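Novice: I'd like to go over a predicted model; first the sequence, then the structure.
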Amino acid sequence: MKTVILAGGQGTRIRDYSDRIPKALIPINGRPMLEHVLEIYASQGFRQFIIAVGHLGYRIDKWLEMADAPSDWDIQIVHTGQDTPTGGRVKALANQGLLTERLFLTYADGMADVNLQRLLQTHETSPNAQVTITAIRPRSQFGVLDLANGDQVIGFREKPILDMWVSAGFMVMEPSFLEMLTMETDLEKEALPKLVDLGGLQAYRHLGYFQQIDNVKDMETVNRLCKQGRAPWTREIEEIPTGWEGII
């Protein structure tokens, strides 16, 4: 299976870096975050990659020229436009005949220990699924107060895990879904909600580690884990690990 990585965004929430380099090349533990995402897939046997680039995409070309990628990795970089939305980038790849079979798709800014075989199995056993998307339970950014009897505080929880599920990317996608896309389509704002109405979107519940890197604080979090030797996405994943949500 091919893995498509969307690496064309401008990273507006982390401009200290993204004004100079594409977000996908922002360093995590001394290496571009894009390399970490590639290794998540390669460590589990998926080594055929298409990287859809946009903003400062020529720098990702330069990275590939200089990167010491393993010989069994097949990496293709495709320029999909400066301001093309996410769904449009996928459509651009489809229009070039690069996506004709089932594929993985994710973003270049998410670190996770997703078990890709179990994600794929969930998709394969969901007969109506055109897309299966990894869902995680997020942690609150704030301490949560439990109130009763008017304004009395009866409990305080420091940044608890919330009772909801949100998208973490790491998708499996059927080529039939690509017919719903145009060059102007936003994947998560337009195409996936439309797929919900058609009953074709499935979730894979990931209970392990996930961290999206949107700002300097997120970078510090994942860098700290790397330096402590506690980065769960840097090893082969045999079983779904649990308990990582407590270390942040």
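Specialist: Cool, the structure landed. On a predicted model such as this, the values are computed, not experimentally measured, just so you know.

Novice: Okay, now the unreliable bits of the protein?
Specialist: Within the chain, the stretches with pLDDT under 70 are 11-19, 235-248.

Novice: chain center to the lengthiest strand in it: distance?
Specialist: The longest strand of the chain (DSSP state E) is strand 166-173. Mean-position distance between strand 166-173 and its chain equals 7 Å (C-alpha atoms, centre = their mean, to the nearest Å).

Novice: Just to check, Arg137 is in contact with Ala168?
Specialist: No: between Arg137 and Ala168 there is no contact under C-beta atoms under 8 Å: 9.9 Å. Glycine gets a C-beta too; all of them are placed from N, C-alpha and C.

Novice: After the longest strand of the chain, which helix or strand is next?
Specialist: helix 192-197 (DSSP states H and E).

Novice: any idea where the helices of the protein begin and end?
Specialist: Assigned by DSSP state H, the helices in the chain fall at 15-18, 33-42, 57-66, 86-95, 116-124, 192-197, 216-227.

Novice: Bridging across strands, which residues link to Thr134?
Specialist: Tyr204 (DSSP bridges).

Novice: For the longest strand of the chain, buried residues please.
Specialist: Taking 16 or more other C-beta atoms under 10 Å as the neighbour-count basis, strand 166-173 is seen to contain the buried residues 167-173.

Novice: Dump these to CSV, plus distance to Val153.
Specialist: Listed next are the buried residues of strand 166-173 as CSV, based on distance: C-beta to C-beta, whole Å:
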residue, distance to Val153
Ser167, 33
Ala168, 32
Gly169, 37
Phe170, 38
Met171, 41
Val172, 44
Met173, 46
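
Novice: any idea which of the residues you listed is closest to Leu103?
Specialist: Using C-beta to C-beta, Met173 comes nearest to Leu103 of these, at 5.4 Å.
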